[in-house]
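# pasted the sequence and its predicted model underneath.
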Amino acid sequence: MNMKKALWLSVALLTTAPALAQTTKFDGTYAGISGQSLGGTVNCPPAPTPAPLTIANGTIQSQSGGFQGTVGPDGNVVLHDKGSNRYQGTINGTGLLKVGGGTPRCNFEFTWQKR
């Protein structure tokens, strides 16, 4: 490997390593705690307790396949359900993950706790 490529690789590794270290602090399994319908412009169905989530390296996947998304190094979460509806929220310092969102007609809130 020539010196220019070696230097570039070293810089690339140094600049990405802190970002990975920050997002991995949220890695783990999160148990579904509650689902709540917040209402909307129509009679919205009740929200079930969500299935567990797994977070690995900033990527979120529901064990049921119902949600997938990302978590940033600051704990900001963006999830999408099977219908591509968007949910956003945060993971706090105690491992409580809470998101809200849904369809244009119905809003929901889901909560998980890190095990």
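In hand now; what should we look at? Residues are numbered from 1 along each chain as shown.
# in the protein, which spans are helices?
3-23 (DSSP state H).
# quick one: the strands in it?
28-40, 53-56, 59-62, 67-71, 76-81, 86-91, 96-102, 106-114 (DSSP state E).
# can you put these in TSV and add mean neighbour count, mean pLDDT and distance to Pro46?
(Each C-beta comes from the backbone N, C-alpha and C, glycine too.) Shown next, in TSV, are the strands of the chain (neighbours: other Cβ atoms under 10 Å; pLDDT from 0 to 100; distance: least, Cβ to Cβ, whole Å):
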stretch	mean neighbour count	mean pLDDT	distance to Pro46
strand 28-40	15	96	5
strand 53-56	19	97	20
strand 59-62	18	97	18
strand 67-71	19	97	17
strand 76-81	18	97	16
strand 86-91	18	98	17
strand 96-102	19	97	13
strand 106-114	21	97	10
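# next, format those as CSV and append distance to Ala47.
Below are these laid out as CSV (distance: least, Cβ to Cβ, whole Å):
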stretch, distance to Ala47
strand 28-40, 3
strand 53-56, 15
strand 59-62, 14
strand 67-71, 12
strand 76-81, 11
strand 86-91, 11
strand 96-102, 9
strand 106-114, 5
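# check contacts around the residue nearest to Pro50 when sequence neighbours are not counted.
If the residues on either side of it in the chain are set aside, Pro50 comes closest to Gly32, at 3.9 Å by Cβ to Cβ, 6 or more residues apart in numbering. Shown in contact with Gly32 (Cβ atoms under 8 Å, 6 or more residues apart in numbering): 49-53, 110-112.
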